[in-house]
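Student: Fold the following, please.
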Amino acid sequence: MSRLNQLVVASVLAVSSAAWADGPVSFNASAVSDYRYRGISQTRLQPALQAGADFAHASGFYLGAWGSTIRWVKDGGGQANTELDLYGGYKTDIGSGLTLDVGVLKYLYADHKLTISPNTLEIYGALSAGPATLKLSRSTSNLFGFGDSKGSLYADLSATFDVGGGYTVTPHVGRQTVKRNGAFSYTDYSLTVNKEAAGVVWGLAVVGTNTEAYVGAKGKDLGKSGLVLSAKLNF
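Tutor: Residues are numbered from 1 along each chain as shown. Predicted coordinates for the structure are as follows:
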């Protein structure tokens, strides 16, 4: 892990330790049939295990950490088999039924051994109104190992609808622009149905993209349309 990443991790953990002493922390653990991020499989279309922790202060400030097993770094000739995300931000009502959320997110792939680091830093801002959220993320570093890609953008529009009976439906569409690597820019989409039962949130999602540029081991199309099953425990 680079010196910069060490400083990011140390800073977040230090702030988190102080904040968590003043309030409750929520945890989550999940298993998925395929880890799709922005429509692209991070696990070669195979299952993943994931876990996270979040702290949300009454003032609107929040901190969190989340991790998952992955395969794409090894497929690219590296060694990392896990992803760690560290994030923090501020969320507040700004009137007229609008909620503003701004923050920073660091993606870490320890000991990745890739020529161009996949470690990525993004800043983001989101506006929510009712069930809908519009979010824009901008990389302040190279994006996930793409050379000369600083300033890449991801625009995300999603909504969550309670349809009764304990079910929620979440449609989503996003646009990933990889700066100065236009062949890898694409649109992704998904439709997810969730239901909580016996303390577990069960999910079924249809996920896809309009790109064939992301290819994994044995020529697998990592952005092809598919179904993703998930089971998540919050505690």
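Student: going forward, measure contacts between C-alpha atoms and count neighbours the same way
Tutor: Fine.
Student: Leaving out sequence neighbours, find the closest residue to residue 203.
Tutor: residue 194 (4.3 Å; Cα to Cα, 6 or more residues apart in numbering).
Student: where's that neighbour, which helix or strand?
Tutor: strand 186-197 (DSSP states H and E).
Student: Would you indicate which residues of that strand are buried?
Tutor: Residues 186-196 are the ones in strand 186-197 that count as buried (16 or more other Cα atoms under 10 Å).
Student: can you tell me which helix or strand residue 201 belongs to?
Tutor: Per DSSP H and E: strand 200-209 holds residue 201.
Student: In JSON lines: the buried residues of strand 186-197, plus distance to residue 215.
Tutor: JSON lines is the format used below for the buried residues of strand 186-197 (distance: Cα to Cα, whole Å):
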{"residue": "186", "distance to residue 215": "14"}
{"residue": "187", "distance to residue 215": "16"}
{"residue": "188", "distance to residue 215": "16"}
{"residue": "189", "distance to residue 215": "18"}
{"residue": "190", "distance to residue 215": "20"}
{"residue": "191", "distance to residue 215": "23"}
{"residue": "192", "distance to residue 215": "24"}
{"residue": "193", "distance to residue 215": "27"}
{"residue": "194", "distance to residue 215": "29"}
{"residue": "195", "distance to residue 215": "32"}
{"residue": "196", "distance to residue 215": "34"}
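Student: returning to what we had before: mind listing what the strand holding residue 194 pairs with, with the direction of each?
Tutor: Partners of strand 186-197 in the sheet, by DSSP bridges, are strand 167-177 (antiparallel), strand 200-209 (antiparallel).
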